[in-house]
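Participant: the sequence isn't on hand, but the structure is:
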């Protein structure tokens, strides 16, 4: 794996921390320095919580009074501004044509020759065979968060599952075409979708309450090679599961601050994952994915790996440390 893959955000974070030391944090300059620091953090895709923490340290270290609410609002505005600027720059550049490279995938997979479905399951922090569909949702979403469940793809969902709720609707356990869940949590309410002439929807971006996850789907790459590549990537993989067909999905935690931030983080990893076999058309922020534990006709949408608190240290690296 080349350094551009294995080092993902580290060099950008270090560059940003060096930049902070060049700013003036004395009285009269703190607001301007805080804005500059957060704007640069947004441009470099620094984790928003880390950005707030580091800026807060510099404010208090020079005798300033910390206002957490104000700092959070400043961070959100700065990250939104940085994302908007990045989108504007992207529009001026001809998009790079991405495509699956079987030889590249084979080369990467060869570095983890022992990885297969059984290897994945053995290295899952939570044993996948012991997890029901309901437990899968409880592990990955916070109390009070809502997830839309679908057994009819074109619908608005057959139920809204509220994590930790006093009453839980029965989850569909299967269907002719399987069962899906909306990867990012929603408020459960219908909102006008401006991209569909105001049609009411509870599965559009207006309903999303957290831009936490990104879904990787693979239809072209050989199963074992795709898995061997996935476990080497420095991505925060929360779950890996089958579609009940030929695809294997990976749920990646990115914790984006906004939809624009989600788009920017997706663009950062897209060249790597598409080259290795991820479906580029499936890299959307409002995405349905297969619900593990349910059935697609007679076939199980099987959970292979579950890690509710994933880190950017790859599963393969952790296994070999």
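Facilitator: Received it, and whenever you're ready, just let me know what you need. Everything numeric in this text was worked out from a predicted model, so none of it was measured.
Participant: tell me which stretches of the stretch 101-250 of the chain form helices.
Facilitator: 102-109, 117-122, 133-140, 223-230 (DSSP state H, counting those that start in this stretch).
Participant: what's the offset of the second one from the middle of its chain?
Facilitator: From the chain centre to the centre of helix 117-122 is a distance of 22 Å (Cα atoms, centre = their mean, to the nearest Å).
Participant: which among the helices of the stretch 101-250 of the chain is found nearest to residue 34?
Facilitator: Minimum separation from residue 34 across the helices of the stretch 101-250 of the chain (Cβ to Cβ) falls at helix 133-140, 33.4 Å. Placement of C-beta: from N, CA and C, glycine included.
Participant: counting by contacts, list what the closest one packs against.
Facilitator: strand 237-242, strand 303-306 (3 or more Cβ pairs under 8 Å, 6 or more residues apart in numbering; DSSP states H and E).
Participant: low-confidence ranges, the chain, go.
Facilitator: Where the chain drops to pLDDT under 70, the residues are 1-10, 86-96.
Participant: go again with 50.
Facilitator: Across the chain, residues meeting the criterion (pLDDT under 50) sit at 1-8.
Participant: kindly list the longest helix within it.
Facilitator: Using DSSP state H, we find that the single longest helix of the chain is helix 68-92.
Participant: turn the helices and strands packed on helix 133-140 into CSV, including distance to residue 166.
Facilitator: CSV is the format used below for these (distance: least, Cβ to Cβ, whole Å):
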stretch, distance to residue 166
strand 237-242, 26
strand 303-306, 25
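Participant: residue 119 is nearest to which of these?
Facilitator: Among those, the nearest to residue 119 by Cβ to Cβ is strand 303-306 (9.8 Å).
Participant: what are the contacting residues of the helix or strand that contains residue 18?
Facilitator: Assigned by DSSP states H and E, residue 18 belongs to helix 10-20. With Cβ atoms under 8 Å, 6 or more residues apart in numbering as the test, helix 10-20 has contacts from 37, 40-41, 44-47, 50-51, 54-55, 58.
Participant: buried ones in that helix?
Facilitator: With burial defined by 16 or more other Cβ atoms under 10 Å, the residues of helix 10-20 counted as buried are 12-13, 16, 20.
Participant: on that earlier part again, show me which pair in the contacts of helix 10-20 is furthest apart.
Facilitator: Top of the distance list for these (Cβ to Cβ): 45 and 58, 20.3 Å.
Participant: what about these two, which has more around it?
Facilitator: Neighbour count, other Cβ atoms under 10 Å: between residue 45 and residue 58, residue 45 has more, with 23 against 17.
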